[in-house]
Structure formats: structure tokens, C-alpha cells
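>>> need a 3D model of the sequence below.
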Amino acid sequence: MAINDLLRSNELTWLKSGGTDGDVVVASRIRLARNLKGVPFPNRADMNQLSQVLVATDEVLPELEKSMGMPFDRVDVERLSPLQREVLLEKQLITENLIKNPQYRATYVSDDRCISIMVNEEDHLRIQCWAPGLNLDLPMSTAFTLDDLVESRLDMAFDEKMGYLTSCPTNLGTGLRASVLLHLPGLVFTRNVSSIINISPQLGLAVRALYGDDKEPVGSLFQISNQLTLGFSEEELIANLKSAVTEIVAHERRARKALALYRKEQLADEVWRAYGTLAYARMLSEREAMELLSKVRLGIDLKLIHEVKADCYADILVACHRSFLQNLAENENMSKIEIDQLRARKVREILGEHRVSSEDES
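Residues are numbered from 1 along each chain as shown. Alright, predicted model coming up:
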């Protein structure tokens, strides 16, 4: 998988449909924070120390391919253009921290895009693993396998009382951050998302809009994750998150059922208008595309729309972002009109690729 393919492809396996509770739960992620013993955290380390960390991890991480049974690409963040870094950020393969501080930063990305290991982010290592739907067990198992591989070769900063030492106090202990990405158009429409956001801190959880903000979420996508790690086992953190997500899924399905029952005609009109606009528009802003895409995905999940496969959602979600389109056109100086035109063209192309044929229906 060449870096060019990584940047230009609109496919992310972990966004694909078909996972457990996939009508509401888009994806699950596990992230582990780890640091090398005796080396300052990246925000306090000098360039020589950051270089040492990168050299040390480079000696270990090539073994990932053997352990995981798939190729990995080592991406040198410093050698990427600012636009290329933004594309990887849009795909959640790196963070803002690596964009602001690219020197001696790298990330290892698996061939299926479900694993991203960042070097010298807030911590020396940030191991991220994803899976489609509500499936925290798979990425956790993968993350721990990778962690065992690293710890067999490198000494990690660990304290018997505090657990794994991390740059951020909220990651102390297990160093584990579990999160689930949810599509909640029903709760957004019925204006019940705010109550979930407000009660989540009492459960040791945080809920935030993935795009936009909590008052004006874009695309009805929300990420829920554990807030604390110190004093809890991995099993306790995962069980608490699973319980909360299961409850939210139930609320979302009830909201959708109420919409389908009491606003059936209006709902059908909205999702079909959204589909028609995506299928025929010649210009689309990023916000408009994401809002329309959310309605189309709802229409597919409620079986109001049968013309396209659900996986169009994942591909369009990646392809509608500004930096992805500029990189695709190899022109970072595109005007807004040119970007909106390319976005509309790309959306039409993806819908065409995922259109259901008579053979699929049979």
C-alpha cells in the first residue's frame, strides 16, 4: 500500500456497514497510550530525544507485519506536505498534535487501515485499532497483541501504584481509551441528544459531536468514550462503555420508530429528497453533503431506500472532506466552487458504484 494509495483512496474498512448494531453504531476504537521508560514525554523532549524514540520504535514496529499477518506502511509525517497531513487527519489516522509538531513524528498504518500507531504524539506511542459496528473486543485484542510485541522489546514507563505513566493524567493507569462512533439522526431530530451528553459525565463517559459541535452537530455523528482510566481495569472500562452504548442504541431505535410511525410521509420525503440531491447535484458544500448523507443512511437503515448499498455511506463520508478532494485533484489552491463541484462529482460517482443491481436484489 503506497502512501499515494493511502491518501487517495476513499475506503476505510472500519467504517463499512455490517457490524453488530451497525444501523446505529458505525465503529469501535481502542487506543493505548504508552511511553518509554526514562525518556521525557514528547511535549518535554528535545529533538535528539524524539529522534531516539523514533529510532527505537522503528527497530520494533517492522515486526508488526509478521505479527498481524499484513503489510504496514511507515508514514514519515515530517516528509508529508501540510495538505497530505490534513488528509490523514480527516481519516483519523493521525491527530492535530502530529500536524502541529511533525518533526520526528511517524505513524504506522496497516493494509486494512484498521490499525494506526503514532510515534511521538502526546505519548511516545499511541496504538489505535478500529472495527466496524459495536465490537470493542476485536480492536482491544489487536491493541494488546501489539502492546505485548512492543513491551517485549522496549521498557515502558510503568508504576506499580499508578499503572502506565502518560502525558495526560486522565490516561494514567491502563492508558486505555475506548470509544464508539454512533449515528444518531433520530435523537438529533427529536432533540434528545443533549440529555445523553449531559448525563454522560456521571457515568464516567464523554459524548461529543464528531463534526460541528454539540449544539450544532453535522451529520448526526457522535463519539462516546471513557473519561478516566486510573483505578479501573480494562474489563470494567469496556463493560461500562458497552452498557451505555447499548442504552443509547435502544433510545435511537425508539426515536427512529416514532419518526417512521408518526412522520412516515415526511420522513420518506426527506430521505428521498436527500438521495435525489446527492445523486444529481452539481455542487455540494461539505456540511450539506454530510447532512444529506446522514438522511440517506437513515433511509437505507429504515429500508425506505433500496437503490444503493449501505457501504456508500462510508466511502462518501471520507470523500466529502475538503483536503481529501484537494489532494485528489492535486491542487491545494482550488476555489470553494471548484471544491464543491468536485465533491458533487465524487459523490455521484460513489453512488453509481454502490447502486443495487437486479442481480443484487435477486
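>>> give me the secondary structure label for the closest residue to residue 283 other than its chain neighbours.
Of all residues not flanking residue 283 in the chain, residue 340 sits nearest, at 4.2 Å (C-beta to C-beta, 6 or more residues apart in numbering). C-beta coordinates here come from the backbone N, C-alpha and C atoms, glycine included. Here residue 340 is recorded as helix under DSSP: H, G, I helix; E, B strand; the rest coil.
>>> kindly report the same for residue 52.
What three-state DSSP gives for residue 52 is helix.
>>> which non-adjacent residue is nearest it?
Closest residue to residue 52 apart from its sequence neighbours, by C-beta to C-beta, 6+ apart: residue 39 at 7.0 Å.
>>> now do residue 95
residue 121 (5.9 Å).
>>> do the same with residue 224
residue 207 is the one closest to residue 224 (C-beta to C-beta, 6+ apart), at 4.8 Å.
>>> can you count the residues close to the one you found?
23 (other C-beta atoms under 10 Å).
>>> ranges for the strands of the protein?
Secondary structure of the chain (DSSP state E): strands located at 25-34, 72-76, 106-110, 115-119, 125-132, 158-159, 163-164, 176-183, 205-209, 221-226.
>>> what is the mean pLDDT for the third one?
For strand 106-110, the mean per-residue pLDDT is 95.
>>> paired strands for that strand, with orientation please.
With DSSP bridges as the test, strand 106-110 is paired with strand 72-76 (antiparallel), strand 115-119 (antiparallel).
>>> quick one, helices of the stretch 251-362 of the chain?
According to DSSP state H, counting those that start in this stretch, the stretch 251-362 of the chain carries its helices in the segments 264-280, 286-301, 312-319, 322-329, 336-353, 358-361.
>>> rebuild the ones you listed as CSV, extending it with distance to residue 32 and mean neighbour count.
What follows is these, written out as CSV (distance: least, C-beta to C-beta, whole Å; neighbours: other C-beta atoms under 10 Å):
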stretch, distance to residue 32, mean neighbour count
helix 264-280, 37, 16
helix 286-301, 30, 22
helix 312-319, 25, 23
helix 322-329, 27, 19
helix 336-353, 33, 18
helix 358-361, 40, 7
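>>> ok, now which ones touch residue 8?
Residues in contact with residue 8, defined by C-beta atoms under 8 Å, 6 or more residues apart in numbering, are 327-328.
>>> and it, how far from residue 337?
22 Å (C-beta to C-beta, to the nearest Å).
>>> residue 356 touches residue 311, doesn't it?
No: using C-beta atoms under 8 Å, residue 356 makes no contact with residue 311, being 11.2 Å away.
>>> the residue nearest to residue 283 and residue 284 touch, don't they?
Yes: with contact defined as C-beta under 8 Å, residue 340 reaches residue 284; the gap is 5.7 Å.
>>> tell me how far residue 150 lies from residue 329.
Residue 150 sits 38 Å away from residue 329 when distances are taken as C-beta to C-beta.
>>> re the thing from before, how close does the residue nearest to residue 283 get to residue 119?
36 Å.
>>> residue 49 too?
To residue 119, residue 49 is 13 Å away according to C-beta to C-beta.
>>> again, but for residue 213
The spacing between residue 213 and residue 119, counted by C-beta to C-beta, is 30 Å.
>>> show me which of those two is the more surrounded one.
Using other C-beta under 10 Å, the more surrounded residue of residue 213 and residue 119 is residue 119, with 26 against 9.
>>> residues contacting that one?
53-54, 57, 61, 105-108, 125.
>>> now residue 346, nearest residue through space, not along the chain?
Once flanking residues are discounted, residue 346 sits nearest to residue 319: 4.9 Å by C-beta to C-beta, 6+ apart.
>>> which residues touch the one you found?
Residue 319 sits in contact with 10, 325, 343, 346-347, 350, where contact means C-beta under 8 Å, 6+ apart.
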